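[1] need a structure here:
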Amino acid sequence: MERRGVSSFGTLRTYVLREFLLSLLVAFLFFFFIFFVNQLLLFAQRILLKNVDLGKVMALVGLSIPQILLYTIPFSTLSAASMTIGDLVARNELLALRSSGISLRRMFEPIAIMALLLAVGTFFVADALLPYSHQKFRVLYSELLRDLPTLEIESYAVNRIGDIVLVTGEVDDGNIGSLLLFDTSNRSDNRVVSASGGTVTLVDLNSFLYRLDLLNPVVLETEGDSLERYTLAQAKQMTYYLDFSDQVARFTDVTPSQLSTRDLRKAISVRQEDLATDMARRERSLAVLEQQLAEAIETAISEASNEAFDKVMELQQQVDRLESERGINFYLQYYRAELHKKIALSASCFILVFVTFPLSLLKLKHGRLFGFGLSLVVASIYWFLLFFAQTKILDVAFNPGFLIWAPNMLVAIVSSFLLSRSMRV
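    Numbers count the residues shown, from 1 in each chain. The predicted structure is shown next:
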């Protein structure tokens with residue numbers, strides 16, 4: 001009997017696991033396709049239209065996959081669990097299991113174990129693959145900038161590069177057709193340069209500094225807003241230096257979300273020291289102000305003059321303002337939030353599936369479709385809560401990890417309540 005029971009449970013686990021993996025594949029392809037196409041369209045707009053080698057473009061897209069997986073895996077796991085349980089309920093298979101005296105826990109076990117394994121895999125993606133792929137992405141994108149200096153300049157468009165606005169004609173490799181340049185670096189003077197063409201060459205790849213050589217430029221410069229005083233000049237050649245660091249920052253800069261947990265902890269340690277230094281400086285300033293306030297009060301009592309009382313009020317306002325300041329370091333809160341987000345988002349693979357277990361006690365039609373629809377609703381709510389929590393990390397002085405973990409905790413509480421309520425009915 002014992003061997004038969006073990007064999008029966010093994011068959012049950014294999015069957016549930018097979019259904020779960022099939023649903024996981026379908027859900028994964030669905031979410032991955034959405035995120036992947038969005039990323040591909042982004043690169044198509046900025047890179048493919050520049051006639052960049054297709055192999056390098058696909059390499060850039062491939063290096064973006066870990067960022068896509070970071071959100072695809074948790075939502076796919078949730079959808080797979082919902083679809084599997086919903087389908088088993090719709091086919092009355094769970095009812096048959098319960099009628100046979102087999103605990104639903106036997107059916108939930110393989111789903112929970114797979115969700116736990118997927119949570120570990122998501123953390124590996126966030127902590128190892130994402131930092132590695134972004135480093136490779138930065139190197140490859142820098143090579144593209146070296147080979148194609150005009151990568152960040154669009155044809156027949158208005159391009160803003162730092163304090164310079166370029167209105168360009170056709171852009172081909174490192175050459176620009178007729179162009180119009182507006183130089184706004186000098187706030188008191190305005191300069192407009194018209195040229196029949198220009199050539200862009202690399203100066204310093206590390207700082208993304210390029211040189212723009214203008215052909216047959218005509219320069220018009222005015223003083224302030226006055227049109228009466230101006231300077232008009234013409235030359236055979238003119239040179240401008242273009243700083244593309246702002247343009248490429250969102251593609252190549254390393255953000256806290258692309259750091260490993262080890263690097264984030266190091267950054268947090270540094271920011272904590274900065275915060276402690278700022279707080280110590282604040283306490284010293286507060287002590288000095290309180291001493292000055294005490295002396296001003298004594299002077300006001302003895303002299304009873306308006307000037308003395310005004311001095312007391314001024315010092316009191318400074319003390320109140322300094323006391324009301326909260327010890328918040330922007331970067332410390334940001335790094336802390338990203339550290340907890342890596343772990344919380346990975347753990348969501350395991351936690352979110354529990355909200356699907358109460359489905360096993362409901363009567364459903366079109367179970368797999370209903371489960372997929374439910375997963376989209378839950379994923380949307382979870383994503384909104386996580387995004388909302390991120391927007392509030394600078395509004396609190398405590399560790400923002402409590403905010404980042406709040407969506408997971410809320411899902412866990414709601415899941416436990418629904419499951420316990422369903423089992424009592």
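[2] residue 89: neighbour count?
    Residues lying near residue 89 (other C-beta atoms under 10 Å) number 22. Heads up, the C-betas are built off the backbone N, CA and C, glycines and all.
[3] do the same with residue 143
    Applying other C-beta under 10 Å, I find that residue 143 has 12 neighbouring residues.
[4] so the spatially most central residue of the chain: helix, strand or coil?
    In the chain, the centroid-proximal residue (C-alpha atoms, centre = their mean) is residue 257; its distance is 6.4 Å. Residue 257 falls in the helix class when you classify it by DSSP: H, G, I helix; E, B strand; the rest coil.
[5] so how far is residue 339 from it?
    As judged by C-beta to C-beta, to the nearest Å, residue 257 and residue 339 stand 10 Å apart.
[6] next: residue 238.
    For residue 238, the distance to residue 339 under the criterion C-beta to C-beta works out to 49 Å.
[7] who has more neighbours, these two?
    Neighbours per residue (other C-beta under 10 Å) separate residue 238 from residue 339, with residue 339 holding more: 24 against 19.
[8] quick one: that one and residue 268 touch, right?
    Yes - under the contact definition of C-beta atoms under 8 Å, residue 339 touches residue 268, with a separation of 6.8 Å.
[9] contacts for stretch 384-397?
    Contacts of stretch 384-397 with the rest of the structure, by C-beta atoms under 8 Å, 6 or more residues apart in numbering, involve 326-328, 330, 333-334, 336-337, 341, 344-345, 400, 403-404, 406-407, 410.
[10] please put the alpha-carbon coordinates of that stretch into PDB.
    Once non-C-alpha atoms are left out, stretch 384-397 reads as follows in PDB (Å, rounded to 0.1, in the frame of the first residue of the first chain):
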ATOM      1  CA  PHE A 384       1.100  49.300  -9.800                       C
ATOM      2  CA  LEU A 385       1.800  48.700  -6.100                       C
ATOM      3  CA  LEU A 386       5.500  48.200  -6.700                       C
ATOM      4  CA  PHE A 387       5.700  51.300  -8.900                       C
ATOM      5  CA  PHE A 388       3.800  53.300  -6.300                       C
ATOM      6  CA  ALA A 389       6.100  52.100  -3.500                       C
ATOM      7  CA  GLN A 390       9.100  53.200  -5.500                       C
ATOM      8  CA  THR A 391       7.700  56.700  -5.900                       C
ATOM      9  CA  LYS A 392       7.400  57.100  -2.100                       C
ATOM     10  CA  ILE A 393      11.000  56.100  -1.100                       C
ATOM     11  CA  LEU A 394      12.000  59.700  -0.700                       C
ATOM     12  CA  ASP A 395       9.000  60.600   1.400                       C
ATOM     13  CA  VAL A 396      10.100  58.400   4.300                       C
ATOM     14  CA  ALA A 397      13.200  58.500   6.500                       C
END
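[11] helices along the chain, start to end?
    With helices called from DSSP state H, the chain shows them at 2-46, 54-63, 65-90, 93-99, 104-124, 130-147, 245-252, 261-303, 306-324, 330-352, 367-391, 401-424.
[12] counting by contacts, list what the first one packs against.
    For helix 2-46, the contact count by 3 or more C-beta pairs under 8 Å, 6 or more residues apart in numbering; DSSP states H and E identifies helix 54-63, helix 65-90, helix 104-124, helix 367-391 as packing neighbours.
[13] and with 10 Å instead?
    Where contact means 3 or more C-beta pairs under 10 Å, 6 or more residues apart in numbering; DSSP states H and E, helix 2-46 is packed against helix 54-63, helix 65-90, helix 93-99, helix 104-124, helix 245-252, helix 367-391.
[14] mean pLDDT for those helices: which is lowest?
    Within these, confidence is poorest for helix 245-252, with a mean of 61 (mean pLDDT).
[15] how many neighbouring residues does the nearest residue to residue 412 once chain neighbours are set aside have?
    On the basis of C-beta to C-beta, 6 or more residues apart in numbering, the spatially nearest residue to residue 412 that is not a chain neighbour turns out to be residue 351, at 5.4 Å. Residue 351 sits with 22 neighbouring residues when counted by other C-beta under 10 Å.
[16] how far away is residue 351 from residue 382?
    Residue 351 sits 9 Å away from residue 382 when distances are taken as C-beta to C-beta.
[17] anything in contact with each of those two?
    With contacts taken as C-beta atoms under 10 Å, 6 or more residues apart in numbering, residue 351 and residue 382 have 74, 78, 407, 408, 410, 411 as neighbours in common.
[18] the last one contacts residue 357, doesn't it?
    No - Residue 411 is not in contact with residue 357 according to C-beta atoms under 10 Å; the separation is 11.9 Å.
[19] give me every residue that touches residue 78.
    27, 31, 115, 348-349, 351-356, 371-372, 374-376, 378-379, 382, 411.
[20] whoops, residue 176 was the one
    Residue 176 makes contact with 149-150, 153, 155, 159, 166, 168-170, 195, 197-200, 212-215 under the criterion C-beta under 10 Å, 6+ apart.
[21] can you check residue 16 too?
    By C-beta under 10 Å, 6+ apart, the contact list for residue 16 reads 84, 85, 88, 93, 97, 106, 107, 108, 109, 110, 111, 114.
[22] of these, keep whichever come out buried.
    Neighbour-count burial (16 or more other C-beta atoms under 10 Å) applied to the contacts of residue 16 gives 84, 85, 88, 93, 97, 107, 108, 109, 110, 111, 114.
[23] I'd like to know which helix or strand in this structure has the lowest mean pLDDT.
    Using mean pLDDT, DSSP states H and E, helix 245-252 stands out as the lowest-scoring helix or strand of the chain, at a mean of 61.
[24] where does this protein dip in pLDDT?
    Low-confidence segments of the chain, defined by pLDDT under 70: 1-8, 41-52, 146-151, 187-189, 224-228, 246-254, 325-327, 360-367, 422-425.
[25] and for residue 287, the neighbour number?
    Residue 287, neighbours per other C-beta under 10 Å, totals 10.
[26] how close does the residue nearest to residue 412 sit to residue 75?
    For residue 351 relative to residue 75 (C-beta to C-beta), the value is 13 Å.
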